[in-house]
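Asks: attaching a predicted model along with its sequence, questions to come.
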Amino acid sequence: MRLKIFGIVTASALAAVALWAQTRGGGSPWLTAFGDAQRTSWIPADAAISVDAMAKPGFELQWKVKLENQPRHQNGLGQGVTANDVTIFVPLSLVTGSSNNIYSIDNDTGYVLWQRHFDAALPAATAACPGGITAAGTRLVEVAPPSPTATAARGTAGVSAGYRGSVSEPGQGVVVEARSGGAAAPPPAIAPPAVAPTAVLPPPPPTAAPPTAPIPGIPGAFASAEIGVRRPSGVVYVIASDGVLHVLGLPSGKDMQKPAPFLPPNANWSDPIAVNTTLYTSTSNRCGGVPNGIWAIGLAAANKPVLSWKTNGGSVIGPVALGLDGTLIAAIGPGPVTTGGFSNAIVSLDPKTMRLKDWFRAPGAEFVSAPVIFRLGKRDIVAAATKDGRVLLLDAKSLGGVNHSTPLHTSRVPASSGAFAPCALATWHELAGAPGGPVVVGTRWLLVPTANAITAMRVTDSGGKPTMQVGWVSRDLVSPVTPLIVNGVVFALSSGRPSPAVLYALNGVDGKELWTSGTTITSFFPGKSFWSANGQVYVGAFDGTLYAFGFAMERKY
């Protein structure tokens, strides 16, 4: 394993950078792929990006950087996750590369602060099984994000204005999860059920030092023995091609905990998510002989136990999502099924025991997108797309009713060829109101990319049941990917393939074009490295070039 650090910064320079960073205003974090535990791809509020701001000149390329990563088939850069709320001096993006790489990049300049390479074996790459790192990293995510109405009233996306403190308390060093000490009892990492699912690897004997308990009532927060207050996570979680989980410190890229076996080598895993004291991912295509399934690893215990649930059938499509109560929800695609197995289904699992809780499957429903979850009225809704061009809405508490096959609502997407991309759905709802004043919650939208456009569906609660109607259809796009929604602006990426990608900004209410990147991007987009944070939108092209689009910021030193 090799670590490269690109540059040495003096204390005075760090102080200047900290001063400049704190003058930029509030930041909008992107802690895991698709933004949050419900995989909505939505930032409710942002200090720089808005429909009004995008209607004016100034949003343009801020920087680009070529990363030293060799693509593996169509797999190149992963979706970035960000850090602007921990004890560091500059806001960062942590970006995985398919050839066992991870990069720490200054969001404001594109400067590569450090690069980590994992010396793990790489198999031959194929379309179905590219090998290497097949997904993004993740940071700790709350099960339910902060209230969108509250964040809109503050004018940010759930964080206080400015970046959090620039140094830790004396003697504390780097803040990481599972700090030892404290009087509270340790939390269970993953409680085995009476009949436990098969663990992939037997854990080593546990150590005597207990982890610190979560702060009651605050998901994802850990108590500090020294000061006893909530702290943001100071690490990023990354899985290498050998299936080993690494917990890397944000300032240095060094292992902050002993690397832990998680998945069998050469799996094809989806974008992981870390919630409270557990990290989850899914596997597909039986790559490396690894069964299709959903996997969990305990983060708090020193032995990091592993549990899994096998589909005994089709591949899990894209990443798992978490309901607002923490239940795991995943879509399963087609495939031969053995006894008790699943294909073409939506399933829910208990997040602690990995036991199957509920499922939905119906004749003719071949799922082609991962689920997205949102609240509508008093219900939590699961939305997923099928191959024949339909979008199904399910009740998260009872996926298919008593017969496991009855959706709440089904809508066919007009002019759809059914060519939905995995993880293709995104959702948001309109928020109105002046900063600091009351917030009015408006229309709920569900965005559905098809082969050549994005269709925006209005979702309404009609007598306690959800219904959908087409609100607008975007301009023509070439194989669009999952869009991003930032403060009412829909960022739609035309992936190209093989032509260069083009990024568009659309008004989320009517789909009108506000801005386009034109010919700035010079390679096509393979489908993963697209995210937003801190007033910028990032696109990682197939040739390894990462582009950052945004408004020029006033830099004060």
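Replies: Cool, the structure landed. Here the structure is a predicted model, which is why all the values come from computation and not from measurement. Residues are numbered from 1 along each chain as shown.
Asks: what ranges do the strands span in the stretch 51-200 of the chain?
Replies: 59-66, 81-83, 92-97, 101-106, 112-117, 140-141 (DSSP state E, counting those that start in this stretch).
Asks: what helices and strands are in contact with the third one?
Replies: Packing contacts for strand 92-97, counted by 3 or more Cβ pairs under 8 Å, 6 or more residues apart in numbering; DSSP states H and E, involve strand 81-83, strand 101-106, strand 235-239. No exception for glycine: its C-beta is placed from N, CA and C like everyone else's.
Asks: between those strands, which gets nearest to Pro363?
Replies: strand 235-239 (36.4 Å; Cβ to Cβ).
Asks: just how off-centre is the closest one within its chain?
Replies: 13 Å (Cα atoms, centre = their mean, to the nearest Å).
Asks: before we move on, what about stretch 102-117?
Replies: 19 Å.
Asks: ends of that stretch, what's the gap?
Replies: 7 Å (Cα to Cα, to the nearest Å).
Asks: for that stretch, buried residues please.
Replies: The neighbour-count check on stretch 102-117 (16 or more other Cβ atoms under 10 Å) flags 102-108, 110, 112-117 as buried.
Asks: tell me how far Leu245 lies from Tyr280.
Replies: Per Cβ to Cβ, to the nearest Å, Leu245 is found 12 Å from Tyr280.
Asks: run the chain-centre distance for stretch 135-142.
Replies: Averaging C-alpha positions (Cα atoms, centre = their mean) puts stretch 135-142 6 Å from its chain's average.
Asks: including distance to Val470, could the helices and strands packed on strand 92-97 go into JSON lines?
Replies: Formatted as JSON lines, those follow (distance: least, Cβ to Cβ, whole Å):
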{"stretch": "strand 81-83", "distance to Val470": "33"}
{"stretch": "strand 101-106", "distance to Val470": "38"}
{"stretch": "strand 235-239", "distance to Val470": "39"}
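Asks: which among those strands is found nearest to Asn75?
Replies: The nearest among those, by Cβ to Cβ, is strand 101-106 at 12.1 Å.
Asks: what is that closest one packed up against?
Replies: Judged by 3+ Cβ pairs under 8 Å, 6+ apart, strand 101-106 is in contact with strand 92-97, strand 112-117.
Asks: make JSON lines from those and add distance to Thr406 and mean pLDDT to it.
Replies: Putting these into JSON lines (distance: least, Cβ to Cβ, whole Å; pLDDT from 0 to 100) gives the following:
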{"stretch": "strand 92-97", "distance to Thr406": "40", "mean pLDDT": "96"}
{"stretch": "strand 112-117", "distance to Thr406": "48", "mean pLDDT": "96"}
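Asks: picking that back up, the buried residues of stretch 102-117: which two are farthest apart?
Replies: Asp108 and His117 (24.7 Å).
Asks: what's the closest of the helices and strands packed on strand 101-106 to Gly313?
Replies: strand 92-97 (28.4 Å).
Asks: check contacts around Gly364.
Replies: Contact analysis of Gly364 by Cβ atoms under 8 Å, 6 or more residues apart in numbering lists Thr386, Asp388.
Asks: could I get the pLDDT score of it?
Replies: Note on Gly364: pLDDT of 90.
Asks: can you give me the distance of it to Asp325?
Replies: Gly364 sits 30 Å away from Asp325, going by Cβ to Cβ.
Asks: among the helices and strands packed on strand 92-97, which is nearest Phe530?
Replies: Across those, closest to Phe530 is strand 81-83 (Cβ to Cβ), at 12.6 Å.
Asks: partner strands of that closest one and their direction?
Replies: strand 92-97 (antiparallel) (DSSP bridges).
Asks: what does the strand it pairs with contact?
Replies: 67-69, 76-84, 102-107, 113, 133, 135-137, 139, 236, 238, 250, 529, 531, 533, 538, 540, 544, 546.
Asks: kindly recompute the last result at 6 Å.
Replies: 69, 77-78, 80-83, 102-105, 107, 133, 136-137, 236 (Cβ atoms under 6 Å, 6 or more residues apart in numbering).
Asks: tell me the angle that strand makes with strand 235-239.
Replies: 10 degrees (axes from the mean of the first three to the mean of the last three Cα atoms, to 10 degrees).
Asks: CA atoms only for strand 92-97, dumped as CSV, please.
Replies: Extracted in CSV, the C-alpha atoms of strand 92-97 (Å, rounded to 0.1, in the frame of the first residue of the first chain):
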residue,chain,number,x,y,z
LEU,A,92,-12.1,18.0,0.6
SER,A,93,-13.5,15.5,-1.9
LEU,A,94,-12.5,11.9,-1.5
VAL,A,95,-12.6,10.1,-4.8
THR,A,96,-12.0,6.4,-5.5
GLY,A,97,-10.3,5.2,-8.7
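Asks: now the element after the helix or strand of the chain with the lowest mean pLDDT, going C-ward?
Replies: In the chain, no helix or strand scores lower on mean pLDDT, DSSP states H and E than helix 11-22, which sits at a mean of 38. Note on helix 11-22: by DSSP states H and E, the next helix or strand toward the C-terminus is strand 42-43.
Asks: please report how far Ser343 lies from Pro334.
Replies: 5 Å.
Asks: also Arg2?
Replies: 41 Å.
Asks: looking at the two, which is more packed in?
Replies: Legend: neighbour count by other Cβ atoms under 10 Å for Arg2 and Pro334, higher for Pro334 (15 against 10).
Asks: sec struct for that one, please.
Replies: coil (DSSP: H, G, I helix; E, B strand; the rest coil).
Asks: what residues are up against it?
Replies: Gly314, Ser343, Asn344, Glu366.
Asks: is the third one in contact with Glu366, as I believe?
Replies: It refers to Asn344. Yes - between Asn344 and Glu366 there is a contact under Cβ atoms under 6 Å: 5.0 Å.
Asks: between those two, tell me which one has more neighbours.
Replies: Neighbour count, other Cβ under 10 Å: between Asn344 and Glu366, Asn344 has more, with 23 against 15.
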